[in-house]
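Student: sequence and predicted structure below; questions after.
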Amino acid sequence: MVVPITILEVNSLSDDYFEATFGNVIELCSGAAAYVKDKRPFNNVSDLCNEFHTYLEQLNVQDQVEVLKLHPDLAGSLAARGELTKESAEEQRTAGLEQLTPQMKKTMDQYNQRYKEKFGFPFIICAKENKIQSIISGLQKRYNNSYEQEINTGINEVKKICKLRILDIVKN
């Protein structure tokens, strides 16, 4: 387990170490850490989180979609092969997704596929804040949203994930 660092320590990290430390707070999006490192010093953890959120908000729609595409399917093939990032693996484990029954796994795969075919990116929900049934319900409900609604909802879920990942790294 990583021992959380203080905001003062965050502010004093070398650029390379900052990028290495925060390079996956937005899934596989190291460009976010490269952007945020130049916003130092931060007064507190909220300021740090807000800068990552600002990064997401200032992206054009196409780039926001690219960020969404970097996320894995929930309980998908990467999870089955053990190829998730350590953060995603822990988040999916917290939600109970490694304990799906064969029928639940089949349902999840069908809903994930249907969602991805409609929107062109995976269904994103903050797994740490949800359990299996709420994730399946979210997949069903959000399928009816518009493309624009889902981009917005997906980015808001990425912000939640990002904040929780930062709180795993930095003392609040």
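Tutor: Yep, that arrived.

Student: tell me which helix or strand of the chain sits lowest on mean pLDDT?
Tutor: The helix or strand of the chain with the lowest confidence, counting by mean pLDDT, DSSP states H and E, is helix 77-80 at a mean of 87.

Student: and the contacts of the helix or strand following that one?
Tutor: Counting by DSSP states H and E, the element after helix 77-80 in chain order, helix or strand, is helix 86-94. Contact partners of helix 86-94, identified using C-beta atoms under 8 Å, 6 or more residues apart in numbering, comprise 24, 27, 71-72, 74-75, 78-79, 82, 84, 98, 126-128, 161, 164-165, 168. C-betas here are computed from N, CA, C, even on glycine.

Student: about what we covered before: can you give me the buried ones in the least confident helix or strand of the chain?
Tutor: Residues of helix 77-80 classed as buried: residue 79 (neighbour count, 16 or more other C-beta atoms under 10 Å).

Student: any idea how far it is from the chain center?
Tutor: Per C-alpha atoms, centre = their mean, to the nearest Å, the displacement of helix 77-80 from the mean C-alpha position of its chain is 16 Å.

Student: helices or strands up against it?
Tutor: Using 3 or more C-beta pairs under 8 Å, 6 or more residues apart in numbering; DSSP states H and E as the contact criterion, the elements in contact with helix 77-80 are helix 86-94.

Student: and residue 129, what does it touch?
Tutor: The neighbourhood of residue 129, defined by C-beta under 8 Å, 6+ apart, consists of 160, 164.

Student: shaky segments in this structure?
Tutor: Residue ranges of the chain with pLDDT under 70: 1-2.

Student: where do the helices of it begin and end?
Tutor: With DSSP state H, the ranges of helices along the chain come out as 7-12, 15-22, 30-37, 45-58, 61-69, 77-80, 86-94, 102-119, 132-142, 147-169.

Student: now stretch 102-112: buried residues?
Tutor: Applying a neighbour-count criterion of 16+ other C-beta under 10 Å, the buried positions in stretch 102-112 are 104, 107, 108, 109, 111, 112.

Student: how close does residue 166 sit to residue 144?
Tutor: Taking C-beta to C-beta, to the nearest Å as the measure, residue 166 and residue 144 are separated by 32 Å.
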